[in-house]
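1. Turn this into a model:
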Amino acid sequence: MTTTTPLLRRRLWPRTASVAAPGAETATGATAGAPDGIRPGSSSDPTTPSGATTVAGSTPSDAAAPRWARPALWALLALTAALYLWNLSSNGYANDFYAAAVKSGTQDLTAWVFGSLDSANSITVDKPPVALWLMVLSCRIFGFSSVAMLLPQALAGVGTVALTAASVRRVSGHVAGLVAGLLVAITPVAALMFRFNNPDALLVLLMTAAAYFVVRAIETTRGKAALWWMVACGAAIGFAFLTKMLQGLLVVPAFALAYLVAARFSLRTRLAHLVAAGLAMVVGAGWFVALVSLWSASSRPYIGGSTNDTLWELALGYNGLGRILGGEGNGGGGGGGGLFGGATGITRMFGSAFGAEISWLLPTALVLLVAGLVAAGRAARTSAARASLILWGGWLLVSALILSFMEGTVHPYYSVALAPALAAVIAIGGRLAWDRRSSLVWRVALGGAVALAGVWSVYLLHVHADSWLPALRWIALAVTTLGAMGFVALGGEQRFRKAAAVALLVGSLGGLAGTTAWTVATIGQSHTGSTPTSGPAVAGGAGRTGGAPGGQAPTGQAPTGQTGPAPAGQTGPSSSASSSSSAGSSGSSTGTTTSAADVTTLLQDAGTTWSAAVVGDQTAAGYILSTDTAVMAIGGWSGTDASPTLAEFQQYVADGRIHYFVSGGRAGGGPGGSDSTSTASQITAWVQSHYTATTVGGTTVYDLTSPTS
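-> Below is the predicted model:
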């Protein structure tokens, strides 16, 4: 029988502190004891939480769950649902731009399929329609309302928390899984966007589902099962593309690298599985791209935001390179800053625009990512913990860097895509550091990461809302510091392990005080428009109550208040969007000035395919929501889309399909569009030359059924 010396055994399978026998998990997820003979990749792999496995290849979820685990998970999900569903109607229609498309989808099947802004299918919104499909479905079931529209968004948030917790639990145990799920739930930008009707909620859910599928594929020893998990991952990413295009693909490099490094198969098999996942991704996204390409352009809406009425150009231009490099209707373009996001650079995620949305725990996550990778440095290739750090850490770094250096349109709420990755990195890295707490170095690393959360929270509270709850920052800092110091001081002694766990828990609660309070304040505020921001009202977020639907404002201008009806019951677009503009500066004005409600009544009684045509999606959305009619948006969001052309518009008028032209429309280039060569400007000039202007409620209206020449 072959034997090994103690020295050789220690070199091959080094002793690792705090790896306990199965079932020894404490209330904080810790284990005690450190048996000799730990074999990489086995049940005692240094990077695998104790009590997780009994044979190589199994996972924490394979072990019997503690009695408290399932009730704790359900409690977390119930808390998340309560947070995201509470007073959901306070956000009204949220972003009118998408709300109008949802309403139109409930009125017409083609509008539902393509994501048309209006039910007569003139033009789509500037994103693919998958997120709209779910909101329309909910409204078809429950009737069109704010709550019915936003319900799928809130449920996407609950699903994201559940999937994040499940993914981390399989690698780092039940406590770590619960921690990860909780961190997602109390991220301010998550609480903001999972109660809003932008596509980001579904995007994050799909990316998190894809991450879960990769975790399952990496852990399994069965080749066919791994293949199907990777195919499911590819399909989820494909639908993420159909939700928000290229942003859904930012996670692909990290997912592919994690599987390539850690899957339990030969290199050839791993590569084959990645190819299969890639094909599934292409199919998952490509079927709808093909549908749009093959469908007759004359019987579907124009693809808003594109220059040639195709999804590919929209993906690569306006929603692709235009976002990264600027231009393509995105502003920016080498000016050193992106539209809405502040100056580009490595510090953007910590700056004035993004900081309070996502960065509360970002410094802690970066520290624990490095610590976790160091801890997993000597583990076997198939280490689940290291693979997960590659997966989630790669997701976090790639997405954060892209958002940091984008020169086109970049909204702070885009950072919601970082929330699951940030939470998972903290939970997994923290667990690895905890399991090595007998070492002073690792106690300092974990305690320092916790203390850093408290210090950074104080800074964010000071910068973003200095007058809001001033005592909170100092209480949080004191609690975090004392807890972290207590953990470092007590964690090295076996007899003080429970006290050390309590100290770390107290310090963690202090570190989470800032992000938790900001999240609760976010839920307590109403959010509408296209530039929503998190936090209390005193934080001064302009997008909390307004913003230009579609995601932009004229270059160099701040986003203005939303046009269109307020959810509380206004009956027509506000005068700020419909008073004076270049479109109404000529032509004879007759009639009297009446209330804005008269414009709404005018459109409701129009009796044509489109009750009216206006310049820009923003104004059209307001009228769509305040009436039960279709309103044509000339030029799409930016006012420069070639939809419709002048000839097409003239034919629509000749056929009696448009009753009114309402001036005062707002578009990305300014009121009425600033480009004199755009179709919007050409149509406006043609209407002014051939029809009489009438003032209704301060709004200039042209009756297209009564030409003057």
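
2. helices and strands of this protein: which one bottoms out on pLDDT?
-> The helix or strand of the chain with the lowest confidence, counting by mean pLDDT, DSSP states H and E, is helix 575-578 at a mean of 33.

3. what's the closest non-adjacent residue to the residue nearest in space to the middle of the chain?
-> Against the mean C-alpha coordinate of the chain, by CA atoms, centre = their mean, the closest residue is residue 200 at 3.4 Å. Among residues not flanking residue 200 along the chain, residue 193 sits closest, at 4.8 Å (CB to CB, 6 or more residues apart in numbering). The way it works is simple: take the backbone N, C-alpha and C, and place the C-beta from them, glycine included.

4. contacting residues around that neighbour?
-> Going by CB atoms under 8 Å, 6 or more residues apart in numbering, residue 193 touches 153, 200, 201, 204, 413, 416, 532.

5. Mind doing that once more with 6 Å?
-> 200, 201, 413, 416 (CB atoms under 6 Å, 6 or more residues apart in numbering).

6. Filter those down to the ones in helices?
-> Under the assignment DSSP state H, the contacts of residue 193 contribute 200, 201 to helices.

7. Could you export the contacts of residue 193 as CSV, including pLDDT and distance to residue 708?
-> Converted to CSV, the contacts of residue 193 look like this (pLDDT from 0 to 100; distance: CB to CB, whole Å):
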residue, pLDDT, distance to residue 708
200, 97, 47
201, 98, 49
413, 96, 47
416, 98, 51
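
8. that older thread, how far away is the residue nearest to the centre of the chain from residue 156?
-> Distance of residue 200 to residue 156, computed by CB to CB, to the nearest Å: 9 Å.

9. just residue 441 next, same as before
-> Residue 441 is 40 Å from residue 156, by CB to CB.

10. More neighbours: which of those two?
-> Set residue 441 next to residue 156 and count neighbours by other CB atoms under 10 Å: residue 156 wins out with 23 against 11.

11. Secondary structure element holding that one?
-> Applying DSSP states H and E as the criterion places residue 156 in helix 146-172.

12. could you give the mean pLDDT of that helix?
-> For helix 146-172, mean pLDDT rounds to 98.

13. what do you get for stretch 69-86?
-> Average pLDDT, stretch 69-86: 97.

14. who touches that stretch?
-> The contact list for stretch 69-86 (CB under 6 Å, 6+ apart) reads 154, 157, 158, 161, 162, 174, 178, 181, 185, 194, 195.

15. partner strands of the top strand by length along the chain, parallel or antiparallel?
-> Counting residues, the longest strand found in the chain (DSSP state E) is strand 699-707. Paired neighbours of strand 699-707 in the sheet (DSSP bridges): strand 658-662 (antiparallel), strand 691-696 (antiparallel).

16. Residue ranges in the protein under the pLDDT threshold?
-> Where the chain drops to pLDDT under 70, the residues are 1-63, 329, 331-339, 540-597, 665-676, 709.

17. Output whichever strand or helix holds residue 356 as CSV, nothing but the C-alphas.
-> In the assignment (DSSP H and E), residue 356 maps to helix 355-358. Taking Å, rounded to 0.1, in the frame of the first residue of the first chain, the C-alpha atoms of helix 355-358 are listed here in CSV:
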residue,chain,number,x,y,z
GLY,A,355,-22.7,56.8,-7.3
ALA,A,356,-25.9,56.7,-5.3
GLU,A,357,-27.5,54.3,-7.8
ILE,A,358,-25.0,51.4,-7.5
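
18. so what secondary structure elements neighbour it?
-> With contacts taken as 3 or more CB pairs under 6 Å, 6 or more residues apart in numbering; DSSP states H and E, helix 355-358 sits against helix 188-193, helix 440-464.

19. Now do that helix: distance to the chain's middle.
-> 13 Å (CA atoms, centre = their mean, to the nearest Å).

20. who's in contact with that helix?
-> Contacts to helix 355-358, defined as CB under 6 Å, 6+ apart, come from residues 188, 189, 412, 415, 418, 460, 464, 534, 535.

21. mind listing the strands in the protein by residue range?
-> Counting by DSSP E, the strands of the chain are 337-338, 342-343, 589-590, 610-615, 631-634, 658-662, 666-667, 670-671, 691-696, 699-707.

22. Residue 419 contacts residue 182, correct?
-> No. Residue 419 lies out of contact with residue 182 (CB atoms under 6 Å); the separation is 11.7 Å.

23. Those two: which is more packed in?
-> residue 419 (30 against 20).

24. so what's that one up against?
-> Here residue 419 is in contact with 184, 187, 190 (CB under 6 Å, 6+ apart).

25. burial of the second one, as a residue count?
-> Spelled out, it's residue 187. 29.

26. same deal with the last one?
-> The burial count assigned to residue 190 is 34, neighbours taken as other CB under 10 Å.

27. who's in contact with it?
-> Shown in contact with residue 190 (CB under 6 Å, 6+ apart): 184, 416, 419.

28. Closest to residue 382 out of those?
-> residue 184 (26.9 Å; CB to CB).

29. Determine which two of the contacts of helix 355-358 are furthest apart.
-> Using CB to CB, the two most remote members of the contacts of helix 355-358 are 418 and 464, lying 18.0 Å apart.

30. more crowded one of the two?
-> residue 418 (27 against 21).

31. For the more buried one, give me its contacts.
-> 358, 396, 399.
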